[in-house]
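Coordinates only, no sequence provided:
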Ligand code: M6R
């Protein structure tokens, strides 16, 4: 999740780039860089100072020669290659004339790089992105103009990209293109801009245009033209932007939470990108634990807090089912103080969006002190948890601003289920065709989440009917149980209503006594294996006067008999349902909180990152 910006035809190129990068810092801040290009000359500056990268870049740029009218800038969120200056963008080709910036992941970078190196190209970074500079260089060497060179280069790559390229031998031109990663073009008289996000150029451009997947744009001071990957001309759609800067930072949404809920398909898709080799092997570039070590794991312990704890609970079901390994899940703040047993072969997985939650860091420290190998699942590159662990798998949800965690949860579940599949591969507890089928199913989840988001109005209607309710029980079985816990957490933290998550089968062991008219029971009822039993549980609460809301699959014909309201979701492999079923529950919590006039981004008494015990 990097931020990109470019400008051509400007009298204050550097200020435009640096101001834009300041506004894009939330997309990534492990390093930053700019390249200025004019006839025969490229000037580049890059810094890797963590959150201070853009400030350090501003200092570096005081040394820039004057008079450049075109340039590109980048703020990085590392995926391939450590967060160091050498891996910061822009990247140059061998001649130093071609400069590129890239947001996304080039999935086949390793093969392309090997081929380019065999043809004599010299690489200076460990990034996947640098291949683009050398591909463009080759195409330019064959006589192609920059736009054609970028087009030809993109035919070779798989994955996600918003890319911008310049060449000092064709100055005052930027060529940009996108697939999956966001990209907009802006214009003002005599100047053309590009950015990953509108806020970066909001106060500079006067008109904005959306670039769609597989479209390539050639920008000059006079404006732009666009083609598709086959070279056919396309028209970019003009966007109506009547936002102020604050609204723009929220991408046009009313608040960060609704923006982040909407970003969930991308969060899942990005987390899965580049995780499966051609031969079917699930792979994590950044995981520094050898296959032998993973094969020798005897027991897994997951430690986490809050929403991350719920994602960890889902992982228990996946690892046990697929990899046939015993799994314990611990609340991080409990693990550390209960004198935990760490036997040889224990793999501890610390799950944390921020990677800065003190309870999770302390639990991971305690586990390492007792001899466990610790893997971090973190959304923030180089977070404290990532640095202190033996290895890390990054979720790629992008910066989560809202205190209530949403997109981080679905990305964590995706990453943990991938890890479960890798363990199953190594332990040969699933056949290669089973792993392939599950990976394929996982790849469809992002589109299914988008389908559920499109049904948001149904959730709003239900929330309106239930605005007066004060007590909620969220029930589920199997992975529906952690989903229920997460749904209840969302409702309580956002709306300050009493909400409890329970395994549906446990209700009759006590909490059933609380069920009476006025109580709302929200059931996660999507698992076919558990369906009959869950229907009985719902009949029990209904008989005692509860109002029942059920999350049920599109093909469920029996649910209407026991539910007052049904929120429909598409059918998927049961293990993947938490990523889909949580969406209506997030939307429900959001709608309830808004209906009750609460601040959804900043609930009372809570902090985004809890750094005290
Ligand atoms: O950054 P972490 O994932 O470690 O944070 C853990 C919890 O503090 C966090 O998930 C919290 O529960 C959220 N407010 C839930 O929405």
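That came through, no problem. For clarity, every value in this text was computed on a predicted model and none was experimentally measured.

mind listing what the nearest residue to residue 579 once chain neighbours are set aside touches?
Counting by Cβ to Cβ, 6 or more residues apart in numbering, residue 579 lies nearest to residue 410, which is 4.5 Å off, once chain neighbours are set aside. C-beta: built from backbone N, CA, C; applies to glycine. Going by Cβ atoms under 8 Å, 6 or more residues apart in numbering, residue 410 touches 264, 267, 268, 397, 449, 578, 579, 582.

out of the residues you listed, which is most surrounded?
Each of those was scored for neighbours by other Cβ atoms under 10 Å, and residue 578 scores highest at 34 neighbours.

Where does the protein get nearest to the ligand, residue-wise?
Across the chain, the shortest distance to the ligand (Cβ to the nearest ligand atom) belongs to residue 306, at 1.9 Å.

would you list every one of the strands in the stretch 1-150 of the chain?
3-8, 31-38, 41-47, 70-76, 91-92, 98-106 (DSSP state E, counting those that start in this stretch).

Okay, now the sheet partners of the shortest one, with direction.
If you go by DSSP bridges, strand 91-92 pairs up with strand 98-106 (antiparallel).

how far off strand 3-8 does the partner strand point, in degrees?
150 degrees (axes from the mean of the first three to the mean of the last three Cα atoms, to 10 degrees).

chain center to strand 98-106, what's the gap?
18 Å (Cα atoms, centre = their mean, to the nearest Å).

Number the residues from 25 up from this point.
New numbering, starting at 25: the last item is strand 122-130.

What residues of the helix or strand of the chain with the lowest mean pLDDT count as buried?
Across the helices and strands of the chain, mean pLDDT, DSSP states H and E gives its lowest value to helix 269-273, namely a mean of 74. Buried residues in helix 269-273, defined by neighbour count with 16 or more other Cβ atoms under 10 Å: 271, 272, 273.

Could you confirm whether the next helix-or-strand element following it reaches the ligand?
Counting by DSSP states H and E, the next helix or strand C-terminal to helix 269-273 is helix 280-286. No. Using Cβ under 6 Å from any ligand atom, helix 280-286 stays clear of the ligand, coming no nearer than 9.7 Å.

list the helices and strands helix 280-286 packs on?
In this structure, helix 280-286 packs against helix 601-619, with contacts taken as 3 or more Cβ pairs under 8 Å, 6 or more residues apart in numbering; DSSP states H and E.

buried sites along the helix it packs on?
Those would be 601-618, for helix 601-619 by 16+ other Cβ under 10 Å.

likewise stretch 577-597?
For stretch 577-597, the neighbour count (16+ other Cβ under 10 Å) marks 577, 580, 583, 586-594, 596 as buried.

out of those, which are inside strands?
577, 589, 590, 591, 592, 593 (DSSP state E).

from memory residue 219 sits against residue 26, does it?
No. Under the criterion of Cβ atoms under 8 Å, residue 219 makes no contact with residue 26, lying 11.7 Å away.

Tell me which of the two has more neighbours.
Counting neighbours by other Cβ under 10 Å for residue 219 and for residue 26 shows that residue 219 has the greater number, 30 against 27.

partner residues bridging that one?
So, taking DSSP bridges as the rule, residue 219 has residue 29, residue 208 as bridge partners.

Mind jotting down where the helices sit in the stretch 325-474 of the chain?
In the stretch 325-474 of the chain, the segments counted as helices under DSSP state H, counting those that start in this stretch are 330-342, 356-359, 382-393, 408-412, 431-451, 456-477.

Save the buried residues of stretch 577-597 as a markdown table, and put in pLDDT and distance to residue 200 too.
What follows is those, written out as a markdown table (pLDDT from 0 to 100; distance: Cβ to Cβ, whole Å):
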| residue | pLDDT | distance to residue 200 |
| --- | --- | --- |
| 577 | 97 | 41 |
| 580 | 95 | 45 |
| 583 | 96 | 48 |
| 586 | 95 | 53 |
| 587 | 97 | 49 |
| 588 | 97 | 51 |
| 589 | 98 | 46 |
| 590 | 98 | 45 |
| 591 | 98 | 40 |
| 592 | 98 | 39 |
| 593 | 98 | 36 |
| 594 | 97 | 34 |
| 596 | 96 | 35 |
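
among these, which two are most distant?
Across those, the longest distance by Cβ to Cβ is 24.7 Å; it joins 588 and 596.

Test my guess that residue 367 contacts residue 324.
No. Using Cβ under 8 Å, residue 367 is not in contact with residue 324; the gap is 11.8 Å.

Would you mind telling me which of the two has more residues around it?
With neighbours defined as other Cβ under 10 Å, residue 367 and residue 324 compare such that residue 324 has more, 25 against 10.

Contact partners for the residue nearest the centre of the chain?
Closest to where the C-alpha atoms of the chain average out (Cα atoms, centre = their mean) is residue 421, at 1.6 Å. Residue 421 makes contact with 25, 287, 291, 294, 295, 377, 403, 431, 432, 434, 435, according to Cβ under 8 Å, 6+ apart.

likewise residue 610?
With Cβ under 8 Å, 6+ apart, residue 610 has these contacts: 285, 428, 430, 511, 514.

Ignoring the adjacent residues along the chain, who's closest to the fourth one?
I take that to be residue 511. residue 609 (3.3 Å).

now swap in the last one and tell me
Spatially, and ignoring its direct neighbours in sequence, residue 514 is nearest to residue 613 (3.7 Å; Cβ to Cβ, 6+ apart).
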